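Participant: dropping a prediction and its sequence here:
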Amino acid sequence: MPDEQNDSQNINSQPALPPSEQPVPEPPKSSKKSLLAIVIVVLVLILGVAVHLMRQSTHQSQIQQPTTTNSQAKQETAAQNVQGLQLDPQKNYGDKYANGILPVGDNQYSATTATKGKVYVCNANFVPTSQAGAQSRGPWFIGTTQWDINKKYAVQGSVNWQSQLTNKVAGSTRTITTNDLPNHITGIFPVASSDPAAKYDRNPNSISAQSLTYSLASNPGYGTPQCMGGEAGVMLTGVALFSAFDAGGRDAGAWEIQDSCQGHPQSSGVYHYHSLSSCIKNVSVNNVIGFALDGFPITGPKVGDGNILTTDDLDECHGITSEITLDGKKVTMYHYVMTQDFPYSISCFRAKAIQSPAQHTGGQQNQSPPPPPSRP
């Protein structure tokens, strides 16, 4: 018995194991199932969120892709529409004729091809020099190859007119109607015998109201150069624009005496310009001041102060491609530029031109205008 008792005491008196070595009681089976269920639910939720995010990303990608494609298509289309010599708005083109000494462009034309600095005429059927208008060189000529615009005479007088002009676009057509009377003053025509200008150019014609309609392409297509007649287009002053030549194929800007706005009438009373009028105040290269007979806009030559385009800076038709403001919107397109030097404006057409609504006495006109109404 004592031995048994001692054995019992020995057993009961064994030292307890430390907590780290004590066996962990096994959780009941029901707890294991609950924990597994929670893990599964969490995994399902995570998987669901991941799938949702992937679907949302794919949906947004599908929405954005057409927009990107359309934008690229528009850019490609715009690039295709930008054709011809490009204006560099950062370039300083200089002011080559700041001193007013200009080249004389007598007989600078071609009947076979477009060439920079020459007018590409359809018919070189000019009249003899004795019938051309101005009868002698004025004191503004420097020999036979140059003239000084600052010394040129101007027809005297200051006459105001009731100008009427509309400019409307409907679909593919731009319609400009004008009575050809300018929105600025003119000199007195016929030139009075007491006017110093009469010594060199006795213009016997009177200014009279016309009825001119220009049905032009509102979105002309840029193409190969085409020859031109005596009329080049119409200016937004309401005045017809003729080519650089007088009736004898001479430089009209140099030979013929115009008024202080560089305009004068021909035999049918059509008041017109051959060169850039000083009465057009905004002559920026971005500002549309008229339209050619083929529908392309006409702008001035000014890129910036002391930065003026000349014939040397333009293509063979006297045009360039740049951003302009057309009908209140900024667009990049081809347009003609009026410069101070010969040939002053359009020297060939880039698209098919309409028949001339006005008449040019040089015999290059496409058709004669309707009979002019009486002078207002």
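Facilitator: Yep, it's here.

Participant: the stretch 51-200 of the chain: strands as residue ranges?
Facilitator: 101-103, 109-110, 119-120, 141-142, 146-148, 165-170, 173-178 (DSSP state E, counting those that start in this stretch).

Participant: who wins for proximity to Arg202 among these?
Facilitator: Among the strands of the stretch 51-200 of the chain, strand 141-142 comes nearest to Arg202, with 17.8 Å by CB to CB. Heads up, the C-betas are built off the backbone N, CA and C, glycines and all.

Participant: residues contacting the closest one, please?
Facilitator: 101, 104, 147-148, 254 (CB atoms under 8 Å, 6 or more residues apart in numbering).

Participant: what pLDDT does Ser130 get?
Facilitator: pLDDT, Ser130: 81.

Participant: need the contact list for it.
Facilitator: Under the criterion of CB under 8 Å, 6+ apart, Ser130 has no contact partners.

Participant: how about the nearest residue to Thr116, chain neighbours excluded?
Facilitator: Quick fix: residue 116 is Lys, not Thr. The shortest distance from Lys116 to any non-neighbouring residue, by CB to CB, 6 or more residues apart in numbering, is to Glu316 (4.6 Å).

Participant: for the stretch 151-300 of the chain, what spans make up the helices?
Facilitator: 252-255 (DSSP state H, counting those that start in this stretch).

Participant: need the buried ones from the contacts of strand 141-142 selected in PyMOL.
Facilitator: Buried residues among these (16 or more other CB atoms under 10 Å), as a PyMOL selection:
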select buried, resi 104+147+148+254
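
Participant: quick one: the contacts of strand 141-142 as CSV, columns for distance to Lys168 too.
Facilitator: What follows is the contacts of strand 141-142, written out as CSV (distance: CB to CB, whole Å):
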residue, distance to Lys168
Ile101, 42
Val104, 40
Trp147, 39
Asp148, 41
Ala254, 37
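
Participant: Gln90: which of the contacts of strand 141-142 is nearest?
Facilitator: Comparing the contacts of strand 141-142 against Gln90 with CB to CB places Ile101 closest, at 28.0 Å.

Participant: the closest residue to Ser193 other than its chain neighbours and Val155: what is the separation?
Facilitator: Spatial nearest neighbour of Ser193, excluding adjacent residues (CB to CB, 6+ apart): Arg202 at 7.9 Å. For Arg202, the distance to Val155 (CB to CB, to the nearest Å) stands at 11 Å.

Participant: cool, Lys330 as well?
Facilitator: Lys330 is 38 Å from Val155, by CB to CB.

Participant: same drill for these two, tell me which one is more crowded.
Facilitator: Between Lys330 and Val155, Val155 has the larger neighbour count (other CB atoms under 10 Å), namely 24 against 9.

Participant: if we can go back for a sec, between the strands of the stretch 51-200 of the chain, which gets nearest to Gly290?
Facilitator: Distance to Gly290, taken as CB to CB, is lowest for strand 173-178 among the strands of the stretch 51-200 of the chain, at 9.1 Å.

Participant: so what's the residue count around the nearest residue to Ser110 once chain neighbours are set aside?
Facilitator: In space, Ser110 comes closest to Lys118 once its chain neighbours are excluded; the distance is 5.1 Å by CB to CB, 6+ apart. Lys118 is flanked by 20 other residues according to other CB under 10 Å.

Participant: buried sites along stretch 151-166?
Facilitator: Of the residues in stretch 151-166, 152-156, 161, 163, 165 count as buried by neighbour count, 16+ other CB under 10 Å.

Participant: revised request: answer the last question for stretch 102-109.
Facilitator: 102-106, 108-109.

Participant: for the strands of the stretch 51-200 of the chain, give me CSV that also has mean pLDDT.
Facilitator: Listed next are these as CSV, based on pLDDT from 0 to 100:
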stretch, mean pLDDT
strand 101-103, 98
strand 109-110, 97
strand 119-120, 98
strand 141-142, 98
strand 146-148, 98
strand 165-170, 98
strand 173-178, 98
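
Participant: which one of those strands lies closest to Gln258?
Facilitator: strand 146-148 (13.4 Å).

Participant: that closest one - contacts with which helices or strands?
Facilitator: Contacts defined by 3 or more CB pairs under 8 Å, 6 or more residues apart in numbering; DSSP states H and E place strand 146-148 against strand 101-103.

Participant: direction included, what does the strand it packs on pair against?
Facilitator: strand 146-148 (antiparallel) (DSSP bridges).

Participant: so how far is the strand it pairs with from its chain's centroid?
Facilitator: 31 Å (CA atoms, centre = their mean, to the nearest Å).

Participant: just to revisit the earlier point, ok, the residue nearest to Ser110 - contacts?
Facilitator: Applying CB under 8 Å, 6+ apart, the residues near Lys118 are 108-110, 343, 347.

Participant: output the below-cut-off pLDDT ranges for the chain.
Facilitator: Applying pLDDT under 70 to the chain flags the ranges 1-82, 359-376.

Participant: need the residue closest to the centroid of it.
Facilitator: The centroid of the chain falls nearest to Ile324 when counting by CA atoms, centre = their mean (3.6 Å).

Participant: the helix or strand where Tyr334 lies pairs with which strands, parallel or anti?
Facilitator: According to DSSP states H and E, Tyr334 maps onto strand 329-337. Looking at strand 329-337 with DSSP bridges, its partner strands are strand 297-299 (parallel), strand 319-326 (antiparallel).

Participant: Gly171 is nearest to which of these?
Facilitator: Relative to Gly171, the nearest member of these by CB to CB is strand 319-326, separated by 15.7 Å.

Participant: still on that earlier bit, between the strands of the stretch 51-200 of the chain, which gets nearest to Thr237?
Facilitator: strand 165-170 (8.0 Å).
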